[in-house]
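# I'd like to go over a predicted model; first the sequence, then the structure.
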Amino acid sequence: MKHYVITIKDLPQSVEYAERLIQSGERYGMKIEMFDAITPSNTDITEMMKKEELSPLGFTEAYSRIDNCIAAFLSHYSLWNMC
């Protein structure tokens, strides 16, 4: 069984945490791979939402940055589709 950790490759902290998780998993016989996160800076999230026929309406709430919320969702959605 494969395991993945969604990682923002251009954010050093995200890569550091992913590497720690990968090492921890190895101690228990798990193979964990980094999965490239979708971010507003590396993907046209509006275009991706249209392509996937997804609505952005459910992502609006008072305390979040909508683009970041959609990007996080799309990261999980893409990984789910790949699996």
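Looks like it came in fine. Numbering: from 1, shown residues only.
# How much space separates Trp80 from Leu74?
According to C-beta to C-beta, to the nearest Å, Trp80 and Leu74 sit 10 Å apart. For glycine as for every other residue, the C-beta is placed from the backbone atoms N, C-alpha and C.
# Which residue ranges of this structure form helices?
With DSSP state H, the ranges of helices along the chain come out as 12-27, 45-51, 66-82.
# Which one of those helices lies nearest to Gly58?
When those are compared by C-beta to C-beta, helix 66-82 sits nearest Gly58, at 9.2 Å.
# Check which helices and strands that closest one is in contact with.
Secondary-structure packing of helix 66-82 (3 or more C-beta pairs under 8 Å, 6 or more residues apart in numbering; DSSP states H and E): strand 3-7, strand 32-36, helix 45-51.
# dump the residue contacts of Asp67.
40, 45 (C-beta atoms under 8 Å, 6 or more residues apart in numbering).
# For it, report the pLDDT, please.
Asp67 is assigned 93 on the pLDDT scale.
# ok, now how distant is it from Met82?
To Met82, Asp67 is 22 Å away according to C-beta to C-beta.
# again with Thr7
According to C-beta to C-beta, Thr7 stands 14 Å off from Met82.
# again with Gly25
19 Å.
# got it, and Gln13?
24 Å.
# and what of Phe35?
Note on Phe35: its distance to Met82, by C-beta to C-beta, is 8 Å.
# Also Ile22?
Using C-beta to C-beta, we find Ile22 at a distance of 18 Å from Met82.
# before we move on, back to that, among the helices of the chain, which comes closest to Lys2?
Using C-beta to C-beta, these put helix 66-82 closest to Lys2, at 9.9 Å.
# list the buried ones in that closest one?
For helix 66-82, a neighbour-count test (16 or more other C-beta atoms under 10 Å) marks 69-75, 77-79 as buried.
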